[in-house]
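K.L.:
Just to be clear, the model below is a prediction. Sequence and coordinates:
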Amino acid sequence: MHYLPHTDDDIEEMLAVIGEPDIDALFAGIPEKLRYSDALDVPAGQSEIEVQKRLGDLAAANTHAGGDAWFLGAGTYAHFIPSAIDALISRAEITTSYTPYQPEISQGTLQTVFEWQTMMASLTGLEVANASMYDGASATAEAALMAMRITRRNRILVSEGVHPHTVHVLTTYLGGLGAEIERLPLEDDGRTASTTLTDDVACVIVQQPNFLGCIEELSQFAEATRAAGALLITSVGEALSLALLRPPGELGADIVCGEAQSFGVPVGFGGPHLGFLAVRMKHVRQLPGRLVGETVDARGKRGFVLTLSTREQHIRRERATSNICTNQGLCLTMATIYLSLMGPAGLRELALQNLAKAEYAKQRLRAAGLELPLSAPTFNEFVVGVPDAPDAALARAKQAGVVGGLDLTRFRPQLGPALLVCTTELCSREAIDRLAAALAGAAA
Amino acid sequence: MGNYDIRNDLRYSKEDEWVRSEAKGVTIGISDYAQQQLGDVVFVELPEVGRILEKGEPLGVIESVKTVADLFAPISGEVLEANSGLGEGPEAINDDCYGEGWMLVLSVADASEVEALLDRAGYLQHIKDREDQGT
Amino acid sequence: MSNATRGIAYEEPLVFERSRPGRRGVGLPPLDVPEVDAETLLGEALRKEPATLPELSELDVVRHFTRLSTWNAAVDLGLYPLGSCTMKYNPKLNEQLARLPGLALAHPHTPAAEVQGLLELMHELEGQLASVSGMSRVSLQPAAGAQGELAGVMMIRAYHASRDDTRRRKVLIPDSAHGTNPASAALNGYDIVAVPSGDDGMLHPDAVEAAMDDEVAALMMTNPNTLGLFETHIGRICEIVHSGGGLVYGDGANLNALLGLSRPGDMGIDVMHFNLHKTFSTPHGGGGPGAGPVGVVEALEPFLPVPVVEQTEAGGFVWDEDRPQTIGRLHGNHGNVGMMVRAYAYILSLGADGLRRSAEMAVLNANYLLTRLQEHYHVPFPGRVMHECVLSDRGLAETGITTLDVAKRLIDHGYHPPTIYFPLIVAGALMIEPTETESREALDRFADTLIEIAREAHRDPEALRTAPQRTRLTRLDETRAARKPILRWQPQDAS
């Protein structure tokens, strides 16, 4: 209980000031029958040594990313994280502050968010990015809700290339609002089939690169949505791809959302990660989440404040653009530091390394006799067919000290036995060679 | 009660819009009382020209930094003009609510609706009643 | 009297304005596979212009963000009495443990058999939260309190739908509620009906009875409420809602007052959320991440978000996705697991007795502050409070000084201000939540400061109106920011 500073004397003196005989009297407002008198089903308090031991044991019972032979991605990517990030975000002023409601003593947080908004607007090719959403999946759901408000329509067309979990979250979010969700199939090459739209469609949602790693041709969807008065939402599954691919906004996407975990946020068993959402200025009043804007103080010095807050729940209540309040601030700070360290050249070099490793891996897998069923261009992730059952192939990989990828049986059975393989900058050539040999094992 | 510029030559709705009868129809805006209550206006959303409004229907919103208020049609009619200058300069509502800060010109569907609006004395009483109810 | 002076106030431009072409903050190893031609591979899809990112050395970046950080108030620097936010101490142990590679680097798609430690941790934390709250089952998935609310109202909707009870279109919400409550209900397509609080600041059975009919899906309430008062009538209110066929949602934002002392499940609450970043000490991170687990009574268990962690007969842990009545998934993975690790470590550290003790000390601290301040500030609802107290600026009316001025003057003395202008039912509210981790001396200094500010309001109101004066920036022009929004830096601005 060393987090509590009260001595017995403190308690006695404070009670005397208040005018109550004991602590129990402070709770007189709770009706007797609502007082809980049993012991909670929680073990007795433990020392730091004991808690470290317990958590250490639990941590040891998990396989985790790290090393040069991790080929599992599927929306959560094991990238290199520069050491300066954890050092900086461990500063108490960053970790133990809250929402910057008082701008005079929150300029650190506010300026960081403004820098993030600038970076993400540029990476996505749009004009305004918000101060984060919970994750890429909920950001995509919020994007669809936004499109429904803007167009006053309720049909949502979702590519089958959108991450299945994202589609699941989207379906959950839209369940109470009468939206009709329809799927756009994939072509044989792995890309979303083009389509003509009727004028009751609110939006088309395409993931870039898509769940199977394929790079979509966004401009055709931009044309189709524009012609139908609908919006194009691009959900970005691997944010690092933005360093190398044409910004979706430049190709005509109206809303770009997605997951920015790749920018310096640990894999973390899937969270906390970093959802983002970017739009054109003309739609800013329908944007959910916090925004930071530039202004001046009473002496004319530049500063930053939370702005356009009338969109938000604490002011507009049931008519707010969303119920989001607490967001992913600390992850945003990590990503802003990451992008500052990488810079334009570093980020591009890193993305090129990812691309090169994937091309090398594809070539090795092909050479080992495996089939790559999808012909569309990819970034750092792709589908490979395996000769036998995916779990057998993954077991062989594990035997060879390699985490081989995601078994697609549950997510995309029509591909037959196949894995989704991801190569980041951390994967070594030697590990890629081992992966190819292991996956081919049964065939060889 | 505060010090409000409530003019004699205008009519007022209980939702704090003023209405000025003119040859082409009526011009409407929000009263000095309303703009003082809101504080610095930062954004106004107005209906498109050509929209037909029913009396009492929400026609748009007006926002300050920390409040949002609905605007309601004080009478029925068609939107003939909307003050596009408020998009870039919403401060006109604070600076000159009866002049540059006008919002819409409406056609008059039913002249008796204009007649039924409050005059200066009636509107001042309405403000006083609300202030006495006290928040 | 002030307890705030930082050595030097640093100036620091935007990160983009520090940029010098050619600088790098990170080096990469040489590529160990053949280089590729991106143009050939990607063609038209290849990016033409690099993004607007700064070019800086590692030290440039470290200085930049270190300097920015010095402009923030923080719990580790001083009392941060933000009402309803529970800005308690965030133990360092939890930070260290959350960074253990076996926890921080595990992958969400790894088969359950290979991440048993994490599943066990989540299963155990669920059980602990269920015990603390008196709920039957807990899902840890929601990423923040507001998403927990969304999940909770979704389960309420699913519950009514499962009974073919389709008339229920309305959700009752007291006028003192957080804005997230009506926003979460609206996201479920419900109409909101505001229920007035009584003159004593509490919700009364007759007000609920008057609003209750067979179109009401639920009542959402916060207990203790946003005035810091325990809702004495909550048992009767839950009975009224239940007898009308509705359910009761409990906003757990203020659970810190009740740990081990009273349980929402015993009050008649059917579904509630927890805020791990409030009650269970996970850091607020400048706005998040939080975590908003949601707990339910037995009747609502079939509707919990998927996947849920189940323990097998053999003692292992598995994900269960196959739940036909589930509302679905709210998170791309398993929620903000890093926050769960911290909360779990906190609960283990405190234990059952420590949790109860922390609630007792939180309530002691709030009442102590209220007692010290009640002769100097107007108290709209006098009496004992739970974990927080609400004052107002009414007593300062003659000076023209408002709550905002008091808040800004507190900054000059090294304090983060309380929550201001909330709850909405108190004009000029100052909502103060000291939390249990503040010592008596810290509370005394804070109270002395607020008392001095009240005196200053009469003696030298200008000092309050122009506060803060000791910060790097004075009051910021929010109107200007909202009228002509500048939401990103653009190179042409760099003059």
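P.N.:
Nice, thanks for sending it over.
K.L.:
Give the burial count for the residue nearest to residue C:102 when sequence neighbours are not counted, as a bare number.
P.N.:
Closest residue to residue C:102 apart from its sequence neighbours, by C-beta to C-beta, 6 or more residues apart in numbering or on different chains: residue A:59 at 3.0 Å. (C-beta placed from N, C-alpha, C; glycine too.) By the measure other C-beta atoms under 10 Å in any protein chain shown, the count of residues near residue A:59 is 23.
K.L.:
Could you check the pLDDT of residue A:59?
P.N.:
Per-residue pLDDT puts residue A:59 at 98.
K.L.:
next SSE after the helix or strand hosting it?
P.N.:
Secondary structure from DSSP states H and E places residue A:59 in helix A:48-60. As assigned by DSSP H and E, the chain's next helix or strand after helix A:48-60 is helix A:83-89.
K.L.:
Could you pull up the contacting residues of residue 34?
P.N.:
Assuming you mean chain A. C:234, C:235, C:262, C:266, C:267 (C-beta atoms under 8 Å, 6 or more residues apart in numbering or on different chains).
K.L.:
could you do chain B instead?
P.N.:
B:16, B:17, B:69, B:97.
K.L.:
For stretch A:295-306, measure first residue to last.
P.N.:
Between the opening and closing residues of stretch A:295-306 there is a gap of 10 Å (C-alpha to C-alpha, to the nearest Å).
K.L.:
got a list of contacts for stretch A:43-57?
P.N.:
A:1, C:93, C:96-97, C:100, C:103, C:117, C:121, C:341, C:344-345, C:348-354.
K.L.:
List only buried entries from the residues you listed.
P.N.:
C:93, C:97, C:100, C:103, C:117, C:121, C:341, C:344-345, C:348-352, C:354 (16 or more other C-beta atoms under 10 Å in any protein chain shown).
K.L.:
closest to residue A:322 among the residues you listed?
P.N.:
Ranked by distance to residue A:322 (C-beta to C-beta), these are led by residue C:341 at 27.2 Å.
K.L.:
do you know how far residue A:238 is from residue A:210?
P.N.:
From residue A:238 across to residue A:210, the span is 10 Å (C-beta to C-beta, to the nearest Å).
K.L.:
And the two? Which one has more around it.
P.N.:
Set residue A:238 next to residue A:210 and count neighbours by other C-beta under 10 Å: residue A:238 wins out with 30 against 25.
K.L.:
Pull the contacting residues for that one.
P.N.:
A:73, A:77, A:209, A:259, A:262, A:379, A:380, A:381.
K.L.:
Count residues in the vicinity of the third one, would you?
P.N.:
By the measure other C-beta under 10 Å, the count of residues near residue A:209 is 25.
K.L.:
which residue sits closest to residue C:483, ignoring its sequence neighbours?
P.N.:
According to C-beta to C-beta, 6+ apart, the nearest residue to residue C:483 is residue B:42 (4.8 Å).
K.L.:
The one you found should be in a helix, yeah?
P.N.:
No. Counting by DSSP: H, G, I helix; E, B strand; the rest coil, residue B:42 is not part of a helix but strand.
K.L.:
wait, what's in contact with it?
P.N.:
B:63, B:64, B:65, B:90, C:479, C:482, C:483.
K.L.:
what's the answer for residue A:372, then?
P.N.:
By C-beta under 8 Å, 6+ apart, the residues touching residue A:372 are A:362, A:365, A:366, A:382, A:383, A:384, A:385.
K.L.:
got it, and residue C:36?
P.N.:
With contact taken as C-beta under 8 Å, 6+ apart, residue C:36 is in contact with A:352, A:355, A:356, A:359.
K.L.:
go on, residue B:90?
P.N.:
Contacts of residue B:90 by C-beta under 8 Å, 6+ apart are B:41, B:42, B:43, B:44, C:483.
K.L.:
Ok, residue A:226 next?
P.N.:
Shown in contact with residue A:226 (C-beta under 8 Å, 6+ apart): A:232, A:252.
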